[in-house]
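Visitor: Here's my sequence, what's the structure:
(chains A and B)
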Amino acid sequence: AQKITQTQPGMFVQEKEAVTLDCTYDTSDQSYGLFWYKQPSSGEMIFLIYQGSYDEQNATEGRYSLNFQKARKSANLVISASQLGDSAMYFCAMRGPNNNDMRFGAGTRLTVKP
Amino acid sequence: KAGVTQTPRYLIKTRGQQVTLSCSPISGHRSVSWYQQTPGQGLQFLFEYFSETQRNKGNFPGRFSGRQFSNSRSEMNVSTLELGDSALYLCASSRTSGTYTGELFFGEGSRLTVL
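Guide: Take a look at the predicted model:
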């Protein structure tokens, strides 16, 4: 079975600083995808970044980067130069090769302070 | 390009009633998934439809059902509502199914309150 663990219920960061949101996962699949989503108070889940299990390079998308450590089964999200608009819930998620659903962690609420 | 559209955005029902939620996926996307989000249980997978066929179902009672039409639009129905069904119901679409590489595109959700 697949499981996603996010151990930080809430995080605070000062505007313009970098922040790391932790995510660990458990799976017996060799092929899988790891995703990060942002959920503002409006409710919509916004896709941020993807990392495939066979990707050797860490994924980057603008201010977002994914610190992928396969042996440790971790996929931490790094947000550089935090902005006030980054305040939201952040979810780590995983998909395997044979399941048609995405498994989500419990989420981390990030608050950016001015 | 229009995103995933869910209607209604908010609704209030009473116990025992039934509700139907609608989801229009991004044009060209044939897979539609439904998720329930509650403070206690987080995001839980309900079911996925691809080309009008249910591909997978989560661990929910039979009161939760869905369908997909030939234009890929999907509806989910909850019968005999219980207080615990109060949640944000999120619909997500993707171009393909059964692959671990594709991200899901979510709508803004339908927030259901059961009184």
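
Visitor: got a pLDDT number for the closest residue to residue A:88 other than its chain neighbours?
Guide: Take residue A:88 and drop its neighbours on the chain: the residue closest to it by C-beta to C-beta, 6 or more residues apart in numbering or on different chains is residue A:40, 4.5 Å away. All C-beta spots, glycine's among them, are computed from the backbone N, C-alpha and C. Residue A:40 carries a pLDDT score of 94 in this model.

Visitor: got a list of what residue A:40 touches?
Guide: A:46, A:87-89 (C-beta atoms under 8 Å, 6 or more residues apart in numbering or on different chains).

Visitor: tell me the two of those that are most distant?
Guide: Greatest spatial distance in the contacts of residue A:40: A:46 and A:87, 13.1 Å, computed using C-beta to C-beta.

Visitor: Counting neighbours, go ahead and name the busier of those two.
Guide: residue A:87 (18 against 14; other C-beta atoms under 10 Å in any protein chain shown).

Visitor: Quick check: the gap between that one and residue A:75.
Guide: 22 Å (C-beta to C-beta, to the nearest Å).

Visitor: so who does residue A:10 touch?
Guide: A:108-111.

Visitor: I should have written residue A:88 there, sorry.
Guide: A:38-41, A:109-110.

Visitor: just for chain B, where's the confidence low?
Guide: B:1 (pLDDT under 70).

Visitor: 80 instead, please
Guide: Residues of chain B that meet the criterion pLDDT under 80 lie in B:1-2, B:96-100.

Visitor: Close to chain A: what parts of it are there?
Guide: B:31, B:33, B:42-43, B:45, B:48, B:50, B:55-56, B:58, B:88, B:90, B:92, B:97-109, B:111 (C-beta under 8 Å from any C-beta of the partner chain).

Visitor: Would you map the strands across chain A?
Guide: Along chain A, the stretches classed as strands by DSSP state E are A:3-5, A:10-14, A:19-21, A:24-26, A:33-39, A:46-52, A:60-61, A:64-69, A:74-79, A:88-95, A:103-104, A:108-113.

Visitor: Which one of those lies nearest to residue B:8?
Guide: Judging the strands of chain A by C-beta to C-beta, what sits closest to residue B:8 is strand A:33-39, at 19.6 Å.

Visitor: Please tell me how far that closest one is from the chain's geometric centre.
Guide: 5 Å (C-alpha atoms, centre = their mean, to the nearest Å).

Visitor: How about stretch B:29-43?
Guide: 6 Å.

Visitor: for chain B, what are the nearby residues on chain A?
Guide: Counting by C-beta under 8 Å from any C-beta, the residues of chain A near chain B are A:29, A:31-33, A:35, A:37, A:42-47, A:50, A:52-53, A:91, A:95-107.

Visitor: what does stretch B:25-37 rub up against?
Guide: Against stretch B:25-37 from outside (C-beta under 8 Å, 6+ apart): A:100-102, B:1-4, B:23, B:43-51, B:55, B:60, B:66, B:68, B:72-74, B:76, B:87-97, B:104-105, B:109.

Visitor: mind redoing it with 6 Å?
Guide: Under the contact criterion C-beta atoms under 6 Å, 6 or more residues apart in numbering or on different chains, stretch B:25-37 has outside partners B:4, B:23, B:43-51, B:68, B:72, B:74, B:76, B:87-95, B:97, B:105.

Visitor: One more: stretch A:60-79?
Guide: Contact with stretch A:60-79 is made by A:19-25, A:34, A:36, A:48-49, A:51, A:58-59, A:80-81, A:86, as judged by C-beta under 6 Å, 6+ apart.
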